[in-house]
Structures are given as structure tokens and as C-alpha cells.
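[1] Got a predicted model here, sequence first, then my questions.
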Amino acid sequence: MQRVPGYITDLLTDRAIEFATRARRTPFMVYIGHKAIHPQIVQRDDGTVDVSTNQGFVPAERHRGKYAGKSYRRRSNFGLSAQDRAGKPVLAAALAAKHSGGIAQQFGAEVLDEQVSDATIQSRAEMMLAVDEGVGRLCAALEEKALLENTLMVFMSDNGSFFGEHGLSVERRFPYEESIKSPLIIAHRAAIEPRRVDEFALSIDIAPTLLEAAQAEIPRSVQGRSLLPFALGRRARGRDAFLVEYYGHENPFPWIANIDYRAVRFGRYKYIRWIREDEAHELYDLETDPFELRNLAADPAHAATVARGRETLAALVLGSLGLPVTQPL
């Protein structure tokens, strides 16, 4: 084992630049998965964390204090409201468990970070500055080697985060918009003009997108659809719906160990089925209620929409297993 001094985001960027700018005759691909913006804490092999090692969010020294004194404007769904407690029984039960059974003593206030303090948000934003600089350094190095014009860049994240919305902080795994939405930017200076594409895009679409860009065959076993036509401004059929699912075998925090779910986004609606709680389903109209405050699942006026959500979810689950889908999606 060799210890390399330095800030991990900078070290990963250094190695990516060194690899990408080597003299070569064949195409290359570089994947950078930054530690930022995770806290400095040891994660065990079984997925749990060693809370005794927690050092919080650690920016590069040059960025420390950059956003000191800045405050984050909280959203209208900040905190666990009475409306949330009534409409989100699984969430309410999980957070009740979080506040009982010695959880606070076991994990400590710094890890639980109940309301996600402004100090936490500031330090996370400061951590991102090293990522921003790294992307800029990589682009500049490619340009210097006359490679940028012919390089496809994909910038993305694997999940969103809660800053106190619905009373959530470190959980990340609930099917609400703050968690399941994440950024995606696809750039190619010579071929892609700046545009915003209003289509559903999923993480499973990245592999077929890169395969098509490399003019490689996309195996039938690969799930997802290439996003390249949308990026290039070509006419293409988008999705009408998509599946989100989560299972507690990932060994998350103990208070969310039983929140297995399947959810479907179809048009303007999101429908959530909690696998261990048959009656605790949720429906949101994201056009009129973007912060998911009003659960419409028990409203007789939305019975047909709930039924459509169930049918669409069932079809998508079958499709994810490679079985025939009985309706167009």
C-alpha cells in the first residue's frame, strides 16, 4: 500500500488528466467517481458506517470558509409537517424510530444532522469547488492536446440529497424528488449545441448512450435507452413512465431498514407502493404539488389515476425482469 499525500478530489483529477492526455492511437474512456461530496467517515464492507470516525464534510483547504455566513433558503416542504405525518405513514414511522431506541446516542448529533445545518450545506458546497476546478482542469488539458473537440463529456451524480425536506437529512433513499432527481450534463463541443431536453432520463441510459457514441453495438441485455438523439437535437420518442425501486438489503441506517418500495413516475404523477405496507401507498401530482405535500392516493377523485399507476408500475416491473410488457410505455 502506498500513501499519497493530498486532497482526494485533486488526486483523482491529476490521475484522470495524466491518463487522458497520454499519447495514443486508439480512443479512450475515463470514469471519475469523486469521493466529494460525502462525509469523511469509514464505511464498513457490509455497508454500515463507523460513526466514531466521522469528521464531517471536509473541503479543500483553499476553499474552506468560502461560503461562511451564507444561508440556504429552505423549501416549503422543510420539516416533517402534520400533513406529511398524515399522508406519509411509512416516513413518519421511520422518523419516529429514528428518535427512539437510543439511535441518537448510537449515531450522535453530527451524523444524524437532523435539520441539515447551514454549516453542513456550506461545507458541502465548498467541497464541490474542487470538483468544479477539476472539471475545468481536465477540459483545459484536453484542449491543450487538441482532444476536446472530439471528446464526449458526461457529468452526473448518482443521487440527490435532503436538506431537511419532509424531516429528512442523511437518509437519501426515500422516493421523493429531492433524492431521486440528480444532475445530468452531456457535452461535445463539435457536435452538441447547448439545449435543455425535457424528457425523462435515467442512470441506466448512460451505458447505451456511450455505446452509441462510440459506434459500438448495444447488446439486447442492456437496459436503458441512448440519450444521444436528444443531445444532438434529433427527433426521438421519449419515455412516458419510469420505475424507481429500493430494497433495504443495502444495510442502511437501522431506522430505514424496512422501507423497501417500488415507485413509478408517469406523466405528471408519481405513485409509490411500500412493499412491506400494503395500504400505505402514495400518489402525487407533481405539476400542482412539486414538493409532494398532498398524498392523493386515498382521494376517490383520483381512484382512476391510482389504478393507472398500479398498472404502469406492474408493467415496468415485468419489463425490468425481461418479461413481456403488456402496454406501451
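    That came through fine. This structure is a prediction, so every number in the text was calculated from the model and none was measured. Numbering: from 1, shown residues only.

[2] From here on, just use CA atoms for contacts and neighbour counts.
    Fine.

[3] For A20, see how far away the residue most central in space within the chain is.
    Nearest to the geometric centre of the chain sits N159, at 1.3 Å (C-alpha atoms, centre = their mean). Using C-alpha to C-alpha, to the nearest Å, one obtains 26 Å as the distance from N159 to A20.

[4] go on, L80?
    Counting by C-alpha to C-alpha, the gap from L80 to A20 is 47 Å.

[5] again, but for H249
    Taking C-alpha to C-alpha, one finds H249 at 37 Å from A20.

[6] So which elements touch the top helix by length along the chain?
    Counting by DSSP state H, the longest helix found in the chain is helix 118-144. Applying 3 or more C-alpha pairs under 8 Å, 6 or more residues apart in numbering; DSSP states H and E, one finds that helix 118-144 makes contact with helix 8-20.

[7] which parts of the helix it packs on are buried?
    9-10, 12-13, 16-17, 20 (16 or more other C-alpha atoms under 10 Å).

[8] Output those in TSV; the columns should cover pLDDT and distance to F163.
    Formatted as TSV, those follow (pLDDT from 0 to 100; distance: C-alpha to C-alpha, whole Å):
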residue	pLDDT	distance to F163
T9	97	23
D10	97	26
L12	97	27
T13	98	28
A16	97	31
I17	97	33
A20	96	36
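
[9] Let me know the closest of those to A214.
    A20 (16.2 Å; C-alpha to C-alpha).

[10] Can you give me the neighbour number for the closest residue to that closest one other than its chain neighbours?
    Closest residue in space to A20, ignoring its immediate chain neighbours: V30 at 6.9 Å, by C-alpha to C-alpha, 6 or more residues apart in numbering. As a burial measure, V30 scores 11 neighbours (other C-alpha atoms under 10 Å).

[11] Need the per-residue pLDDT for V30.
    pLDDT, V30: 95.

[12] and it, what does it touch?
    Neighbouring residues of V30 by C-alpha atoms under 8 Å, 6 or more residues apart in numbering: 16, 19-20.

[13] repeat for V170
    V170 makes contact with 111-113, 161-162, according to C-alpha under 8 Å, 6+ apart.

[14] can you put the buried residues of helix 8-20 in TSV and add distance to K70?
    Formatted as TSV, the buried residues of helix 8-20 follow (distance: C-alpha to C-alpha, whole Å):
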residue	distance to K70
T9	24
D10	25
L12	29
T13	28
A16	32
I17	33
A20	37
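
[15] Which of these sits closest to K270?
    Distance to K270, by C-alpha to C-alpha, is smallest for T9 among the buried residues of helix 8-20, at 35.8 Å.

[16] Now do the closest one against F28, distance only.
    Distance, T9 to F28, using C-alpha to C-alpha: 21 Å.

[17] Check M1 too.
    27 Å.

[18] More neighbours: which of the two?
    Taking neighbours as other C-alpha under 10 Å, M1 and F28 compare with F28 leading, 12 against 3.

[19] so who does the closest residue to the more buried one other than its chain neighbours touch?
    Computed as C-alpha to C-alpha, 6+ apart, the closest residue to F28 that is not its neighbour in sequence is A20, at 7.3 Å. Residues in contact with A20 (C-alpha under 8 Å, 6+ apart) are 28-30, 142.

[20] Show me the residues you listed that map onto helices.
    Counting by DSSP H, the contacts of A20 place L142 in helices.

[21] In CSV, list the contacts of A20 along with distance to R172.
    Output for the contacts of A20, formatted as CSV (distance: C-alpha to C-alpha, whole Å):
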residue, distance to R172
F28, 33
M29, 29
V30, 27
L142, 35
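
[22] Which one of the buried residues of helix 8-20 is nearest to A94?
    For the buried residues of helix 8-20, the closest approach to A94 (C-alpha to C-alpha) belongs to T9, at 34.0 Å.

[23] how close does the closest one sit to Y269?
    According to C-alpha to C-alpha, T9 and Y269 sit 38 Å apart.

[24] Repeat that for S52.
    Using C-alpha to C-alpha, S52 is found at 42 Å from Y269.

[25] Who has more neighbours out of these two?
    Between S52 and Y269, counting by other C-alpha under 10 Å, Y269 is the more crowded of the two (19 against 12).

[26] Can you give the contact residues for the helix or strand hosting Y284?
    Under the criterion of DSSP states H and E, Y284 resides in strand 282-285. With contact meaning C-alpha under 8 Å, 6+ apart, strand 282-285 is reached by 87-88, 268-273, 292-297, 306.

[27] and which of the residues you listed is nearest E178?
    Of all those, E178 sits closest to E292, with 10.1 Å by C-alpha to C-alpha.

[28] correct me, but the closest one touches L286?
    Yes. E292 is within contact range of L286, at 6.9 Å (criterion: C-alpha atoms under 8 Å).
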